[in-house]
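**Q** predicted model follows, preceded by the sequence.
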Amino acid sequence: MNKTLAPLALAAAFPWLPAAVLAQQHPTADDTPERIKSLGVVTVTGGQPTSLPTRIPTTIEGITGEEIGTRINATDSEDALKYFPSLLVRKRYIGDYNHAILSTRASGTGNSARSAVYADGILLSNYLGNGIANGTNFAPRWGLVTPEEIERVDVMYGPFSAAYPGNSAGAVVDYVTRMPSQLEAHVATGFQSQPNSLYATHRTFDSWQGSASLGSRSGDWSWWIDVSRGESESQPLTFTTATVASGTPGNAGTPVTGFVPGLNTTNTPWYILGTGTQYHTLQDHAKLKLAYDFTPTVTASYTLGYWQNTSEGRPATFLANASGQPVYSGLVNILGRSYNLAPTAFPLTNDDQTQWMHGLSVKSHTGDEWDWEIAASVFDYGKDRQRAPTVAPPLAYVGGAGTLQDQGGGDTGWNTLAAKGTWRPQGIGGAHILDFGIERDAYKLGILKDNVLGSWLDGPPTTLVSGVGGDSRTLAGWVQDSWAFAPRWKTVLGLRIEDWHADNGFSANAASRLAYPSRSETDASPKAALAYQWAADTVLKASMGRAVRYPTVGELYGATSGGALSFINNPNLKPEKSWTEELSAEKDLGNALARATLFHEITNDALFSQVVPGSNPAVSTVQNIRQVRTTGLELAYSGQDVLVRGLEMGASVTYANSKTAENPAFPASVGKWQPRVPRWRSTVFGTYKPDARWSYTAAVRYSGTQFSTLDNSDVNGFAYFGSSRYLTLDLRVRWRIDRQWSMAFGIDNANNQQYWNFHPYPQRTWSAELRWDL
């Protein structure tokens with residue numbers, strides 16, 4: 001993505017030079033952290049907390065905070081990944097807190113547990129579950145990082161480092177946020193507007209954000225405070241539908257108008273009766289970071305993060321009776337067929353969430369023979385409540401019976417503890433560098449759903465509707481040796497041992513309680529990478545690694561019901577086990593870097609959650625797929641001063657042949673494409689800087705044909721529940737007014753492509769930003 005990944009051209013081009021020469025090029029322990037590439041292996045230096053190991057043996061791409069501000073209309077931290085090769089975050093609207101799932105080369109947007117997201121070494125990925133279930137969501141906690149505080153983002157592709165769990169099968173995303181060395185202050189505000197037209201909805205949905213940050217360093221102390229608030233309105237995201245054939249012929253029911261005819265994902269005629277969810281969201285974020293240097297080479301860091309969200313999901317019926325009054329429920333008649341609309345056909349929800357994040361690390365960064373780090377983190381669901389009515393609108397708008405789903409109060413969250421070491425027996429330029437560590441991760445899920453007394457809007461809980469919960473924990477040890485065994489050769493060999501346990505699982509309702517037996521398993525995951533300096537400007541590299549992705553607590557125990565989507569758990573799920581290989585060639589073109597990567601993955605017992613065909617309301621269940629195979633090619637290019645001075649360009653294209661190879665439980669899926677993994681995807685962007693004050697960016701993103709179901713029966717991707725191809729154009733202009741003030745104007749999806757990934761994506765969105773920096 002950018003040349004800052006390899007700032008030491010000398011080491012990259014001539015890695016066989018004496019260590020004394022290369023040492024002159026290495027940053028000191030006090031310098032800003034760098035990612036130094038030599039012989040295809042990236043070395044990470046610096047004292048700031050990070051999840052990255054000292055040596056990274058796999059494909060890595062990166063972007064700096066300055067580059068984000070220049071080229072991306074970024075309103076949320078996940079926007080930093082928008083133009084990375086082979087990546088997509090299913091962000092449906094600004095502030096999307098429950099469905100913004102990352103997809104990678106061989107993993108779709110339903111598999112949140114197949115990637116790992118960290119910020120300053122703290123886990124943001126939510127491994128309490130995988131994907132989306134009713135009233136629960138397992139997208140990464142993107143809201144704990146704001147775009148303004150990002151120093152840089154690095155993405156590692158594939159499970160080739162022993163330092164990460166099997167969830168890294170897709171990719172590892174590592175955010176590093178700012179920690180100033182002198183007084184800094186920043187204030188930013190932004191506004192976005194999306195005119196939207198879909199079915200019978202014709203409205204404009206607006207959003208705004210404001211943020212402020214302040215930090216400095218004094219002696220051995222450094223500190224950083226960042227606060228932000230955002231308010232957003234989404235476009236309608238869900239829809240109330242009925243297939244034409246599901247109606248009963250006859251004259252029964254209230255005749256209605258306003259319905260919109262269409263075709264569902266299987267090209268079956270249906271009626272769109274109205275919208276089910278349109279969010280109004282208010283979010284607050286606060287971050288405190290402290291660092292203290294015990295010595296020039298030993299630093300302690302503490303991070304406190306706070307995130308609060310209140311959100312109202314509201315429906316809108318398209319139906320009207322003969323007198324023009326809206327119709328939400330009951331028996332209705334459409335063109336001589338009757339349909340019975342349940343009281344919850346047009347659902348309402350009120351979400352109220354407060355979540356806390358703590359991270360503490362003590363780290364040495366001598367760059368000498370020994371370095372070490374001890375790190376711990378806690379993520380706590382302090383409050384997580386969703387209220388929903390069981391009565392129909394219009395009564396539901398003001399009250400009536402309902403339910404309260406609660407997964408906060410200390411019953412849900414996760415914690416991590418890790419100790420790491422680095423041994424350089426011959427010093428920083430020696431032939432061997434050994435990384436090793438031990439880790440413990442623990443997850444706890446508890447969800448109670450109760451009927452409420454009085455109004456669903458504020459009534460206290462009474463009788464139990466359902467309850468689910470359970471725990472899991474993993475103890476892991478790993479070792480990884482980077483060995484320059486010949487002048488132009490380097491290998492990285494690693495092994496990870498994991499011991500997994502799941503217990504205390506249960507599901508309950510008003511009449512009974514079911515306890516599940518404990519589960520445990522121990523697995524070994526070897527890793528290997530080999531790099532060869534074929535020429536002064538060309539590196540060839542081969543990598544392979546095994547990854548074991550254990551079932552999450554939510555998949556094992558977390559059954560939920562009601563609302564727009566219900567979920568059936570499976571306590572007998574097997575771990576997902578993958579072997580991934582890649583071959584890469586990287587060439588330095590002087591002012592540009594080009595890469596070609598051939599990748600292959602075989603996943604046994606792949607974990608998939610699928611909507612049960614014909615279920616209404618929709619019901620999803622998780623299952624093991626015996627084998628999924630993926631083979632693909634990724635090409636990437638980034639350059640400076642391309643054709644003309646001041647023009648930066650980046651481009652990537654990915655082809656993935658990803659299919660179900662074996663699935664006895666669902667033979668119709670064999671030979672079909674893996675859900676939500678497109679065959680082709682591509683990104684091209686260019687930023688032109690005629691001078692130091694102005695920058696102009698245009699970016700095009702393309703994603704080809706894809707499916708949402710295992711049997712690929714959803715042939716119409718341009719419909720609710722479908723996944724469509726798309727081609728979008730983003731534009732951005734940034735103006736540095738003076739040293740302190742800057743403005744930016746942008747358009748996302750400027751060509752107004754109407755496209756889908758289960759839900760509709762945003763249509764053309766205009767944005768404006770104003771920023772002040774001390």
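**A** Everything's here; your move.
**Q** for the rest of this, base every contact and every neighbour count on C-alpha atoms.
**A** Will do.
**Q** for this protein, longest helix please?
**A** Counting by DSSP state H, the longest helix found in the chain is helix 65-71.
**Q** who touches the next helix or strand after that helix?
**A** Downstream of helix 65-71, the first helix or strand assigned by DSSP states H and E is strand 88-89. Applying Cα atoms under 8 Å, 6 or more residues apart in numbering, the external contacts of strand 88-89 come out as 78, 81-82, 100-104, 109.
**Q** tell me the strands beside the helix or strand just after strand 88-89, with direction?
**A** Moving toward the C-terminus from strand 88-89, the next helix or strand (DSSP H and E) is strand 102-103. In the sheet, strand 102-103 lines up against strand 88-89 (antiparallel) (DSSP bridges).
**Q** hmm, D284 is touching E231, no?
**A** No. Applying Cα atoms under 8 Å, one finds D284 not in contact with E231, separated by 9.0 Å.
**Q** wait, which of the contacts of strand 88-89 is closest to T303?
**A** E78 (19.8 Å; Cα to Cα).
**Q** burial of that closest one, as a residue count?
**A** Neighbour count of E78, defined by other Cα atoms under 10 Å: 23.
**Q** identify the residues contacting the closest residue to it other than its chain neighbours.
**A** Closest residue to E78 apart from its sequence neighbours, by Cα to Cα, 6 or more residues apart in numbering: W142 at 6.4 Å. W142 makes contact with 76-78, 97, 124 under the criterion Cα under 8 Å, 6+ apart.
**Q** please apply the same query to Q209.
**A** Here Q209 is in contact with 75, 189-191, 228-231 (criterion: Cα under 8 Å, 6+ apart).
**Q** tell me which two in those are the farthest apart.
**A** The widest separation within the contacts of Q209 (Cα to Cα) is 13.7 Å, between F191 and S228.
**Q** which regions of this protein lie under the pLDDT threshold?
**A** 1-49, 54, 57, 133-135, 560-567, 611-619 (pLDDT under 70).
**Q** residue with max distance from the center of it?
**A** Distance from the centre of the chain peaks at N251, with 48.9 Å (Cα atoms, centre = their mean).
**Q** quick check: which element contains that residue?
**A** Using DSSP H and E, N251 falls outside every helix and strand.
**Q** what's near enough to touch the nearest residue to W500 once chain neighbours are set aside?
**A** Distance criterion Cα to Cα, 6+ apart; nearest residue to W500, sequence neighbours excluded, is T474 at 4.4 Å. Contact analysis of T474 by Cα under 8 Å, 6+ apart lists 439-442, 498-501.
**Q** name the SS class of T474, please.
**A** strand (DSSP: H, G, I helix; E, B strand; the rest coil).
**Q** separation between it and A744?
**A** According to Cα to Cα, to the nearest Å, T474 stands 45 Å off from A744.
**Q** which strands and helices sit next to the strand or helix carrying V684?
**A** If you go by DSSP H and E, V684 is part of strand 680-688. Counting contacts by 3 or more Cα pairs under 8 Å, 6 or more residues apart in numbering; DSSP states H and E, strand 680-688 packs against strand 647-662, strand 694-703.
**Q** what's that strand in contact with?
**A** Here strand 680-688 has contacts from 71, 83-86, 646-656, 695-705, using Cα under 8 Å, 6+ apart.
**Q** just checking: what are the partner strands of the helix or strand containing G382?
**A** Assessed by DSSP H and E, G382 sits inside strand 370-389. Taking DSSP bridges as the criterion, strand 370-389 forms sheet pairs with strand 349-364 (antiparallel), strand 402-406 (antiparallel), strand 413-423 (antiparallel).
**Q** ranking those by mean neighbour count, which comes first?
**A** strand 402-406 (a mean of 25; mean count of other Cα atoms under 10 Å).
**Q** starting at the chain centroid, how far to it?
**A** Relative to its parent chain, strand 402-406 has a centroid offset of 27 Å by Cα atoms, centre = their mean, to the nearest Å.
**Q** give me the contact list for it.
**A** By Cα under 8 Å, 6+ apart, the list of residues contacting strand 402-406 from outside reads 135, 383-391, 447-452, 455-456, 461.
**Q** same list, the contacts of T474, but as a markdown table with secondary structure please.
**A** Formatted as a markdown table, the contacts of T474 follow (three-state DSSP):
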| residue | secondary structure |
| --- | --- |
| E439 | strand |
| R440 | strand |
| D441 | strand |
| A442 | strand |
| E498 | strand |
| D499 | strand |
| W500 | strand |
| H501 | strand |
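**Q** now do the contacts for Y761.
**A** Y761 neighbours (Cα under 8 Å, 6+ apart): 91-93, 754-755.
**Q** elements contacting the helix or strand containing E555?
**A** Here E555, judged by DSSP H and E, is contained in helix 553-557. Secondary-structure packing of helix 553-557 (3+ Cα pairs under 8 Å, 6+ apart): strand 432-452, strand 461-486, strand 489-509.
**Q** bridging residues for V539?
**A** Beta-bridge partners, per DSSP bridges, of V539: Q533, E586.
**Q** how near is the closest residue to A375 other than its chain neighbours to E78?
**A** Spatial nearest neighbour of A375, excluding adjacent residues (Cα to Cα, 6+ apart): S361 at 4.1 Å. S361 is 24 Å from E78, where distance means Cα to Cα.
**Q** same deal with I447?
**A** Look at I447 and E78: by Cα to Cα, they are 27 Å apart.
**Q** how about E521?
**A** 33 Å.
**Q** beta partners for the one residue sitting closest to the centre of the chain?
**A** The centre of the chain sits closest to L102, judged by Cα atoms, centre = their mean, with a distance of 3.5 Å. Beta bridges link L102 to V89 when assigned by DSSP bridges.
**Q** once you drop chain neighbours, what's closest to the residue farthest from the centre of the chain?
**A** G336 (5.7 Å).
**Q** neighbours around the one you found, how many?
**A** Neighbours of G336 (other Cα under 10 Å): 14.
**Q** isn't it up against P249?
**A** Yes. The pair G336 / P249 is scored as a contact, 5.9 Å apart, by Cα under 8 Å.
**Q** what's the burial count for D738?
**A** Neighbourhood size, D738 [other Cα under 10 Å]: 9.
**Q** next, count neighbours for the residue lying closest to it once chain neighbours are set aside.
**A** The shortest distance from D738 to any non-neighbouring residue, by Cα to Cα, 6+ apart, is to R693 (7.9 Å). Neighbour count of R693, defined by other Cα under 10 Å: 13.
**Q** cool, and G69?
**A** 17.
**Q** check the offset of stretch 755-767 from the chain's centre.
**A** With Cα atoms, centre = their mean, you get 17 Å for stretch 755-767.
**Q** stretch 245-257 too?
**A** Stretch 245-257 has its average C-alpha position 43 Å from the chain's average C-alpha position, going by Cα atoms, centre = their mean.
**Q** export that stretch as PDB, just CAs?
**A** Only the C-alpha atoms of stretch 245-257 are listed here, as PDB (Å, rounded to 0.1, in the frame of the first residue of the first chain):
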ATOM      1  CA  ALA A 245     -47.500 -17.800  -3.800                       C
ATOM      2  CA  SER A 246     -47.700 -17.700   0.000                       C
ATOM      3  CA  GLY A 247     -51.000 -15.800  -0.100                       C
ATOM      4  CA  THR A 248     -54.400 -17.600   0.000                       C
ATOM      5  CA  PRO A 249     -56.600 -17.000  -3.000                       C
ATOM      6  CA  GLY A 250     -59.800 -15.300  -2.100                       C
ATOM      7  CA  ASN A 251     -61.300 -12.000  -0.800                       C
ATOM      8  CA  ALA A 252     -60.500 -12.400   2.900                       C
ATOM      9  CA  GLY A 253     -58.600  -9.600   4.600                       C
ATOM     10  CA  THR A 254     -58.400  -5.800   4.300                       C
ATOM     11  CA  PRO A 255     -57.600  -4.700   0.700                       C
ATOM     12  CA  VAL A 256     -54.400  -2.700   0.700                       C
ATOM     13  CA  THR A 257     -52.300  -0.700  -1.800                       C
END
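**Q** touching that stretch from outside, list them.
**A** 269-270, 318-322, 327, 330-339.
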